[in-house]
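In: sequence and computational prediction follow.
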Amino acid sequence: MDLDLKTLALFVRITSLGAIGRAGEEFGLSSTNASQRIQALEATLGVKLFHRTTRVVTLTHDGQVFLEHAKRILDNVEETWNVFKGDADKVQGKIRLTVSASYGRIYLVPFIPELLAKYPYLQIEIDFTDKTIDIVEEGYDIAFRMHALDSTSLLARRIADNPMILVASPGYLEQAGYPQTPAELAQHRCIPFAKSNHWRFKDKVGETHEVSVSGPINANWGDAIADLVEADMGIGMASLWHVGPAVKAGRVMPVLTDYKVWPETRIWAVRPPGRLTPVRVKVFLDFIEEVIRKTNIERYGDLL
């Protein structure tokens, strides 16, 4: 079987652009030469890879199956090249990742300039979404998850802790009083996250406490909960990275500090299974884990 890397890379690029001619130009090929390469690839494989029209090309079912294999081959070649070149700062390639908008803005975007200064040949493509994406089907290298991981075949790496805390504004507490135990939260206006109105806590001796809470507002965005708490609307539960700045500034106060929100949650980076970690992904995760943990200690060390 005769498969050359340039043709594989051309095939993968065509799937992104939806046009053989445009992809061929990037590889220094005429539209005719690019088409001939794809036709030769189809002949070698014995399958049709694209549906062709006068305006666009789309993958056939066989093309979709072959795409994952082609990407894996190119990743492995890149991995081998990077390993044996011996120049860590010359690591190259595109990293496709997905992350929630709030977390990405706070914990990824500020550090991208430093990352690219260290690894100038990397390319970063970020999809900001709060939806849980099938990263295998969609072709992502990394997804950041803020919740407990379900049973999954994805490979997971713990990036940092994700402490959840209870907070309220001084104005609300002056008006409604300071709860001393989780049970007292049932008598307060609370702001549940995503309809999670059954809150659990663990005290210092390890006993678990549960309480059902309610209030006039329910939100599925941590930033909104932080804003609502500051507006004296009640006691909210949110990630430290959502409400930490307001706590440090004194605009809101931690509540029930003798209790931990339970269960504890983590920040995970998950990636597709069944393959070696490309060097570009490894250096990205090593860098991000280091700066996130350092940043959390600097910002919220006394609250962790």
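Out: Received it, and whenever you're ready, just let me know what you need. All figures in this text were calculated on a predicted structure; none of them were measured in a lab.
In: my guess is Ile225 contacts His242. True?
Out: Yes: contact criterion C-beta atoms under 8 Å: Ile225 and His242 qualify, at 6.8 Å. (Glycine included, C-beta is placed from N, CA and C.)
In: tally up the residues packed near Glu264, please.
Out: 12 (other C-beta atoms under 10 Å).
In: which residues of the chain fall in strands?
Out: 50-52, 57-59, 93-99, 122-128, 142-145, 155-161, 164-168, 190-191, 198-202, 208-212, 235-239, 253-255, 260-261, 266-271 (DSSP state E).
In: which other helices and strands contact the fifth one?
Out: Right, the one you point to is strand 142-145. Here strand 142-145 touches strand 93-99, strand 266-271, helix 279-300, going by 3 or more C-beta pairs under 8 Å, 6 or more residues apart in numbering; DSSP states H and E.
In: Asp258: which of the ones you listed is closest?
Out: Distance to Asp258, taken as C-beta to C-beta, is lowest for helix 279-300 among the helices and strands packed on strand 142-145, at 18.3 Å.
In: for that closest one, the distance to its chain's centre please.
Out: Averaged C-alpha coordinates place helix 279-300 at 13 Å from its chain's average position (C-alpha atoms, centre = their mean, to the nearest Å).
In: tell me the mean pLDDT for that helix?
Out: Over the span of helix 279-300, the pLDDT mean works out to 90.
In: ok, and what's touching it?
Out: With contact meaning C-beta atoms under 8 Å, 6 or more residues apart in numbering, helix 279-300 is reached by 78-79, 82-83, 88, 91-95, 107-108, 111, 114-115, 118-119, 122, 124, 141-142, 157, 159-161, 163, 240-241, 244-245, 248, 267, 269, 271, 304.
In: ditto for stretch 247-260
Out: Contact with stretch 247-260 is made by 165-170, 173, 178-182, 185, 201-204, 209, 226, 229-230, 235, 243, 246, 299-300, 303, as judged by C-beta under 8 Å, 6+ apart.
In: ok now it, how far from the chain's centre?
Out: Centroid separation for stretch 247-260 versus its chain: 27 Å, with C-alpha atoms, centre = their mean.
In: kindly check the end-to-end length of it for me.
Out: 17 Å (C-alpha to C-alpha, to the nearest Å).
In: give me the number of neighbouring residues for Leu41.
Out: Neighbour count for Leu41, taken as other C-beta under 10 Å: 20.
In: from the contacts of helix 279-300, keep the buried residues only.
Out: The neighbour-count test (16 or more other C-beta atoms under 10 Å) marks 78-79, 82, 91, 93, 95, 107-108, 115, 119, 122, 124, 141-142, 157, 159-160, 163, 240-241, 244, 267, 269, 271 as buried among the contacts of helix 279-300.
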